[in-house]
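>>> Give me the fold of what follows.
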Amino acid sequence: MPAKKGDKVKIHYTGKLDDGKVFDTSEGREPLEFRIGANEVIPGFENAVIGMKVGEEKTIHIPSAEAYGPRNEELIQEIPRDKFSADMELVRGQGLRIRTKEGQSIVVVVKELKDEIVVLDANHPLAGKDLNFDIKLVEIAEAA
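Modelled structure (predicted):
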């Protein structure tokens, strides 16, 4: 029985960038479990699983538009250094959880440190990148 919208599935996967660099894998862990159609994973990944049968493997290419979308330069902000606690050590590449003006909690990355400015990037680290996945449908845990 092929996987369809509404099914809860378990998938083993390895995600790679176009240059072959692995950015995530379920190897050595429990398989990823999600419900098809519930928007729990990126659209291109979810669509690739539809129609697969248990034990089936495939390699897929997901353009950035169906993954984390394009990079948005408006999500890069320069914040005065004095807005951060004086004893807070900031390091380039560090992830920080901050609150937006609307009160929403988001994760940003310290992109650059200048004398009086901290440049923060709220883009997803994989935004603007095409992704490749080797996937294997391990189980249909709950059929719709």
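>>> From now on I want contacts and neighbour counts done on CA atoms only, so please keep to that.
Fine.
>>> do you know how far the residue nearest to H61 when sequence neighbours are not counted is from L120?
Leaving aside its sequence neighbours, H61 sits nearest to N132 (Cα to Cα, 6 or more residues apart in numbering; 4.5 Å). According to Cα to Cα, to the nearest Å, N132 stands 27 Å off from L120.
>>> Quickly list the domain ranges of the chain.
8-69+126-142, 73-121 (automatic domain parsing).
>>> what's the average pLDDT for the last one?
Going back to what we said before, that points to domain 73-121. Regarding domain 73-121, the rounded mean pLDDT is 91.
>>> how far out from the middle of the chain is that domain?
What separates the centre of domain 73-121 from the centre of its chain is 20 Å, taken as Cα atoms, centre = their mean, to the nearest Å.
>>> Now the terminal residues of it, how far apart.
Per Cα to Cα, domain 73-121 runs 8 Å from first to last residue.
>>> Quick check: can you name the pairing partners of the strand ranked longest in the chain and their directions?
The single longest strand within the chain, with elements called by DSSP state E, is strand 131-142. The strands that strand 131-142 pairs with in its sheet are strand 8-17 (antiparallel), strand 57-62 (antiparallel) (by DSSP bridges).
>>> Quick one: residues in contact with that strand.
For strand 131-142, contacts defined as Cα atoms under 8 Å, 6 or more residues apart in numbering pick out 3, 7-18, 31, 49, 52-64, 67.
>>> Let's see that with 7 Å instead.
3, 7-18, 52-64 (Cα atoms under 7 Å, 6 or more residues apart in numbering).
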